[in-house]
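Student: got a structure for you, letters missing:
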């Protein structure tokens, strides 16, 4: 008879995908000789799958002896850690425990661990969720670990990279770090298939929101199982609720100032430095606080500055827009100004038209307006180039006004709430972009180009090409096609709304 625990573990194993390379690393590490001793440290964004990887590693090596310490259950400090190890070792030598000072307890636990390792080699000491107990790192590095037998394997996991102190003395060559990245698109598809999500359109929407982060995929698949099916993943209430959960669980500790303010400012930029963030928030930031922010697992060094993980940037921007709409608008305008500053962004500007021949002239009915596709494409290009500054482009908005007019003279995109002409254009473009994203592989690439080059404006065209992994020449060919296909989708979207 199977126990409930066995049923749950079997389900977790079935849903475990995309981490075979990391599992192989751990297996090779476990099989290494004592002379090749290394501490393995696994780090990455909250919800990225660190604990799931460690659980699978333990299941695959169930014949080994593990001492598992989880900082998410109890805050780990020297006293509690020694007590937990004592319990794992059976507590058979617990008499007079209260009378021992910490030094005596430490010496006793070290001796017992080393004797256990002699009988059951290798003994594996596994410490998870260390970000909840960061203060214990110095004690581990200086007091506990150096006295352990080299036959004892040690693996630790946390959100942040190990502190600078671990890079000094002999530790620098005795640590093997594994930085967990989001799941690949193929692995994300495998996970969604295992969860029963088979609809291609639903999968695409989930991947756009979740970005390959297992926790986000899990929440999205759960929502897809509710009444209404695939539509739930595009519902505003679901998106707001899910991103709220993700921001709370993935960005633990970031709700405190000044880090929340720095996140709110950084999510408006593709690349940032301290001066640019200060320009957006309108005040000077403490150097130590900024550098601590840049050590967060979702911040990566990029081109002489830093940038946020793409998925986290999307979540943070959405969260700020819902939480503080006035602050969002103020930060967006300041970010536009920073983008225009050549000291912040270098290289060829995005305001040059994509190369290539225009669309073949034809007529498309747009509500009560008839526009040649060639003219529509030129207008769409101009709107894309000014996407972040539409409110300041009165003449361009006047030219675009026919796009939003219906038979009754009312702007279609201004329902159900008035968002202004610029807001209507953005809603229209988002609908056209979603249609593009729901197409095949080529359409997905075109959607990525439009979103990165114009909607999010991550930098120069060269920066977009590098981000997407495309040779420059291939990128420019695809850029023309992307704008062409996007324009056709704008036309189709307008026809559907008439």
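Tutor: Happy to help now that I have it. As the structure is a computational prediction, the values presented were derived from the model and not from experiment.
Student: residue ranges of the helices in the stretch 101-250 of the chain, please?
Tutor: 102-119, 137-139, 185-194, 200-210, 214-224, 236-250 (DSSP state H, counting those that start in this stretch).
Student: As JSON lines, the ones you listed with distance to residue 451 would be great.
Tutor: (C-beta placed from N, C-alpha, C; glycine too.) As requested, the helices of the stretch 101-250 of the chain are exported to JSON lines (distance: least, Cβ to Cβ, whole Å):
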{"stretch": "helix 102-119", "distance to residue 451": "53"}
{"stretch": "helix 137-139", "distance to residue 451": "40"}
{"stretch": "helix 185-194", "distance to residue 451": "16"}
{"stretch": "helix 200-210", "distance to residue 451": "9"}
{"stretch": "helix 214-224", "distance to residue 451": "18"}
{"stretch": "helix 236-250", "distance to residue 451": "17"}
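Student: For residue 67, which of the ones you listed is the nearest?
Tutor: Ranking these by proximity to residue 67 (Cβ to Cβ) places helix 102-119 first, at 7.9 Å.
Student: Now do the buried residues in that closest one.
Tutor: Of the residues in helix 102-119, 105-106, 108-110, 112-113, 116-117 count as buried by neighbour count, 16 or more other Cβ atoms under 10 Å.
Student: Where does pLDDT dip in the stretch 301-450 of the chain?
Tutor: Along the stretch 301-450 of the chain, the parts satisfying pLDDT under 70 run over 303, 339-374, 402-419, 439-442.
Student: switch to 50 and redo it
Tutor: 342-371, 406-418 (pLDDT under 50).
Student: coming back round to it: so for residue 37, which of the helices of the stretch 101-250 of the chain sits nearest?
Tutor: Smallest distance to residue 37 across the helices of the stretch 101-250 of the chain (Cβ to Cβ): 12.0 Å, for helix 102-119.
Student: Can you tell me which helices and strands the closest one packs against?
Tutor: helix 78-88, strand 123-128, strand 152-158 (3 or more Cβ pairs under 8 Å, 6 or more residues apart in numbering; DSSP states H and E).
Student: coming back round to it: any chance of the helices of the stretch 101-250 of the chain in a markdown table, plus mean pLDDT?
Tutor: Output for the helices of the stretch 101-250 of the chain, formatted as a markdown table (pLDDT from 0 to 100):
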| stretch | mean pLDDT |
| --- | --- |
| helix 102-119 | 90 |
| helix 137-139 | 88 |
| helix 185-194 | 90 |
| helix 200-210 | 78 |
| helix 214-224 | 82 |
| helix 236-250 | 75 |
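Student: for the ones you listed, which one sits closest to residue 76?
Tutor: Smallest distance to residue 76 across these (Cβ to Cβ): 9.6 Å, for helix 137-139.
Student: Now tabulate the helices and strands packed on helix 102-119 in JSON lines and tack on distance to residue 438 and mean pLDDT.
Tutor: Below are those laid out as JSON lines (distance: least, Cβ to Cβ, whole Å; pLDDT from 0 to 100):
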{"stretch": "helix 78-88", "distance to residue 438": "50", "mean pLDDT": "87"}
{"stretch": "strand 123-128", "distance to residue 438": "39", "mean pLDDT": "92"}
{"stretch": "strand 152-158", "distance to residue 438": "37", "mean pLDDT": "93"}
